[in-house]
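> predicted model follows, preceded by the sequence.
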Amino acid sequence: MIRKSVHKILGIFLGVMMILVQSVPVFAQELSVQVDYPEGFITDPNSKWAVGLSQSNVSGYNFDTYAQISISGKKVYCIEPLSLISDGNGGYTASDLGDYFGDSTLTQKLEYISALGYGFQGDYSHELDFATQIRIWQEIMPGLVVKIHPDIQAKIDQINNRLKIMMTDVSFDQQKVILSGYGKEFAQTLTDTNGVFSHYTLDSGTLSYEQQGNQLTIWMEKSQGKSGQLTMNCFYPQQGVSIAYRSKYNHQAVAYITGGIPNQLHVSAMVETGSVQVLKRDAQTQDISQGDATLAGAQYQLIDNKTKKVAGTFLIQEDLFSNRISDLPTDRTYTIQEIQAPEGYQLDTNQVQIDFSNQKDVILELSDEVITGRIQIKKIITDKDISQIVKPEKGAEFTIVLKRYVDQYGSITKAIEHRDRFSDSEWDILTTDDQGYALSKALAYGTYMAQQTGGDPETHWLKEPFTFEIDQETDEPLEYTINNRPFEYYLRLIKIDAQTKKPISTSGASFQILDEEGKPVTMRVGSKTYDTFQTASNHPKEKEGVFVAQDEKGVLTTPLKLKAGTYQIQEVESPQGYQLLKEPVKIVLGSSYVSQVDDQGHATVEVTIENERPKAKIILHKEFEERLSEDLCKGEVRFRLSAKEDIFDPADGTLLYPKGSWIETSEHPDGIYSLEAGSLVIDDLVLGSYQLKEIETIEGYQLLEDPIDFEFVQGSRDRDEYVLEKSITNKRVQIQTTVNKEKEWYPEEEIEVTDRVEYLGLVPGKTYRLEGRILDPKTKKPIQNEGKELIQVLDFVPETKNGFVDMVFRFDASQIEPASYVVTERLYCENGHLLAAHEDLNDDKQTFEILPLYDLQVQKVDADTGKPIQNAQLEFALFKDKQANTLYQTGQTDISKGTVSWKDLKQGSWYLKEVKAPKGYRLLDHVYFLEVKKDGIYIDGKKAKTKEGYFYLEIQNIKIPMVSTRVDWNADGYGVWFVFSGILLGLIVVIQVFRKI
């Protein structure tokens, strides 16, 4: 009886369970596999489509057959070979294949097999597919597969050959190549001795290359920079992640296997080029030029010895360094040849070779020999009784010094006292021999002054010095004969600049020579008579009665001699750019003043007359806009003076200041002048066109954008100074602010407001501080965040005078009431002084808004009674489209109240639709158009009413009319039949159990 009772109870239990199982909704779905047998269901272990196994599977068979498996349309392979799988098996979930095996090496090997097997190079044969599956089993369980059909083994061999290539590294992998220049001509070719490179394709690279078989040729273009890299993939590019699928019902595990990351080749290259720079030297003194010579201006050519072409030209600058020639290929040598010697030096004909094998950046020191020459002086004394007989003077001493030292120290005798500071070739002291001759040592290129400093006390010494030049290399010395007692003299007038002592050669000066009675001296030369004499110049003025000198510029030698005596030189026309002499110059012609005697005994008296230049004077007055705060640093206002146009020396027309160059003095290096007591005065300028550019100003003010022009043009010749006076005003530093990016926010956990602050007139490199606040326009006070005022401080250093910085405010917006707020900024200097502020509470650009969030509640009521429908399942949802295809958000249903609610709705528009009606009520067909605006929620174009903090919508539902209970067998189709059959089958089981009892 006990057994029968147990049977009875068990039968009832099974019947009920079958009914419950059959009642499960038939539309439930799980991830399942699809298994196909493209070659049929194989039962013959000797078939081509079967493989023998060394172990039996869970069903007891020691062979397996070919099948194609897929999940969700993806082709997968078996990775659990002794387990079983059938079409439709479900309960599969995905995971990373590497995590499944816990072995990255095995995972990579399986990915290579999958990528190089089925489908590789267009082979989608069933043989290759079966071979791929077998090869995967061989890796997972070595020794498992023991019998393979020859056709399938042939495909496995193909996979293994490809695997061998994949697993073999290119012999030059990770190689770093050094290139000796830019361009394909400097390319290098690498050969893969392992013979696999031909199977590689480009992944990424930043250098130029060509691939031919197992050879890779690489080079770099200049636009690619100094270094680059190349990455290539074996057989195929990188593929996605491989996925393992496990079944919760312990069905066979499978995997979707990609190619993963193939074996890669990495090659890098670097270009090593050379550069050359020349450092110019004097052959004797190294970095100091001799005489008036200069080392600057020398030119050299760099010759490429491989191409025989000029690779570049070097020009020596004032610092004795040349420009640097860079990016020179290093696989060859070069020749440097001087093509132009600097002024005062001999051209070096030697060639210098350069090789970059030991050093890539070369600084080459090259020297020149200075041009030298000699002077020979013959000293004679005219006999007192017989004027035509002369005799040599022994022991006469002459001192020779480079003229610029004479100008520096004031005289020859003072200059010679400092000869220890001179080069040995820049001075000499001569003493005549028995024949009255004295020969100097080799003197360096330049202009010299000679003066008699000793001799026979019974003779009259040459009191005035004379000038000569060494300007070319020669073995023959310059010869000067000096006689102490001539009676008639040529007058040599030298017109020089009073400031620079240069001969005035640009335009001529016209003089009259007045005798002791004040009458002009006239000279008749040929058929012409002259009473006015003009120095030689670059722009002579031919006039009636004016003798114009033609020889040395800035010099006038009278065409005829003048008797010894006292004269006055009256200037009647000054050179262009100079003042006219106010008083005549008194001169004495006599033997004591002779400077030169020619081979025929003609003596010359040399007189130097100086002319003053008119000066230019700049006066600038400066004012400032009203200050934002009196608490400012004083600062300093500085200007740089430069030439607006080329400014020439009126003496010889040489360029004093090229256009744009700074007007520098010892007191004002770099041409910088400072404002004092609100004014700037710059005087002693040469007439010309100038510009003042403000380079520094008082803190808190903008530098002037445009330079200030001053142009000085000579008018009357008797005016000694020209003055130009101007006034300027500086504007304050300015800032403008704009809230950019997002300007509307919702009261969420944390928001980020970015305020862009544009500034004008800051000093690059200085530190500034921005202080930003967020104000409530209504209270004009900073908003509170976590109990503190929301103030942001930012220190920054501008790179340019005009630019912008971004001030970022991050804060919890949920603590702030929805409203409009304004960001204000203040700019301070590093000392804490207020420079500028932007605090306009009505500026839309500075304004952002915290938008409100709204709640919506839908109340379901009975259409007949008007009462809420409570304790019934209902569901409403918001959709993005009117057809209710795209769900946005489902409402929260309160069954007890018969309401559906949404909280914290943002601005936007949606469609409200009932998706589930209360039991016994019809589902609404109407779809409501819902808009959330700043001022509330609108439904079908009308603003919804509010109730208890919600925007409120009441919707009526109509009950479903009562109808016949007759079963409509076609209503639910297969699902109804399925449920009914289950119930019937359960009842039959219960009846059978009871019968047996």
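Perfect, I can see it now. Residues are numbered from 1 along each chain as shown.
> mind listing what the nearest residue to residue 242 once chain neighbours are set aside touches?
Take residue 242 and drop its neighbours on the chain: the residue closest to it by Cβ to Cβ, 6 or more residues apart in numbering is residue 97, 3.8 Å away. The C-beta positions use only the backbone N, C-alpha and C, and glycine is treated the same way. With contact set as Cβ atoms under 8 Å, 6 or more residues apart in numbering, residue 97 has these partners: 107, 110-111, 241-244, 255, 257.
> on the three-state scheme, residue 99 is what?
Three-state assignment for residue 99 (DSSP: H, G, I helix; E, B strand; the rest coil): helix.
> and the residue nearest to it when sequence neighbours are not counted, how many neighbours?
Computed as Cβ to Cβ, 6+ apart, the closest residue to residue 99 that is not its neighbour in sequence is residue 244, at 7.6 Å. Counted with other Cβ atoms under 10 Å, the neighbours of residue 244 add up to 23.
> same deal with the one 4 residues further on?
The tally of other residues near residue 248 (other Cβ under 10 Å) stands at 10.
> so it makes contact with residue 93?
Yes. Between residue 248 and residue 93 a contact is recorded at 7.1 Å, counting by Cβ atoms under 8 Å.
> can you list the strands that the helix or strand containing the residue nearest to residue 99 pairs with?
Here residue 244, judged by DSSP states H and E, is contained in strand 243-247. Strands that pair with strand 243-247, judged by DSSP bridges, come out as strand 92-96 (antiparallel), strand 254-256 (antiparallel).
> now tell me what touches it from outside.
Under Cβ under 8 Å, 6+ apart, the answer for strand 243-247 is 31, 33, 71, 76, 79, 89-97, 99-101, 253-256.
> give me the buried stretch members for that strand, please.
243-247 (16 or more other Cβ atoms under 10 Å).
> low-confidence regions, this structure specifically.
Counting by pLDDT under 70, the chain has low-confidence residues at 1-30, 381-391, 458-460, 483-487, 627-634, 749, 962-982, 989-990, 992-997.
> let me see the domain layout of this protein.
Using automatic domain parsing, the domain parsing of the chain gives 1-29+964-997, 33-167, 274-368, 374-485, 487-613, 615-726, 734-850, 854-957.
> residue 198: which of those is closest?
domain 33-167 (9.3 Å; Cβ to Cβ).
> now the closest one, how far from the centre of its chain.
In terms of Cα atoms, centre = their mean, to the nearest Å, the centre of domain 33-167 is set 56 Å apart from its chain centre.
> same deal with stretch 303-316?
Chain-centre distance of stretch 303-316: 31 Å, with Cα atoms, centre = their mean.
> repeat that for stretch 569-580.
58 Å.
> ok, and what's touching it?
Stretch 569-580 has contacts (Cβ under 8 Å, 6+ apart) with 493, 495, 497, 504, 506-514, 520, 532, 534-535, 537, 539, 541, 581, 584-585, 587, 607, 609, 611-614, 650, 687, 714, 717-720.
> where along the stretch 551-700 of the chain do the strands fall?
555-557, 562-563, 565-573, 585-589, 594-597, 603-611, 615-624, 638-643, 647-648, 655-657, 672-674, 679-685, 689-696 (DSSP state E, counting those that start in this stretch).
> how about residues contacting stretch 126-137?
The contact list for stretch 126-137 (Cβ under 8 Å, 6+ apart) reads 38-39, 49, 51, 66, 68, 77-79, 81, 110, 113-114, 117-120, 144-145, 148, 151-156, 158-160, 257.
> how about the strands of the stretch 551-700 of the chain, which one is nearest residue 415?
Smallest distance to residue 415 across those (Cβ to Cβ): 16.8 Å, for strand 603-611.
> so what does the closest one touch, helix or strand wise?
Contacts defined by 3 or more Cβ pairs under 8 Å, 6 or more residues apart in numbering; DSSP states H and E place strand 603-611 against strand 488-497, strand 565-573, strand 585-589, strand 594-597.
> what strands line up against it, and which way round?
Note on strand 603-611: by DSSP bridges, its sheet partners are strand 488-497 (parallel), strand 594-597 (antiparallel).
> which residues touch the nearest residue to residue 868 once chain neighbours are set aside?
Excluding the flanking residues, the one nearest residue 868 by Cβ to Cβ, 6+ apart is residue 898, at 4.2 Å. Residues near residue 898 by Cβ under 8 Å, 6+ apart: 859-861, 868-872, 874, 918.
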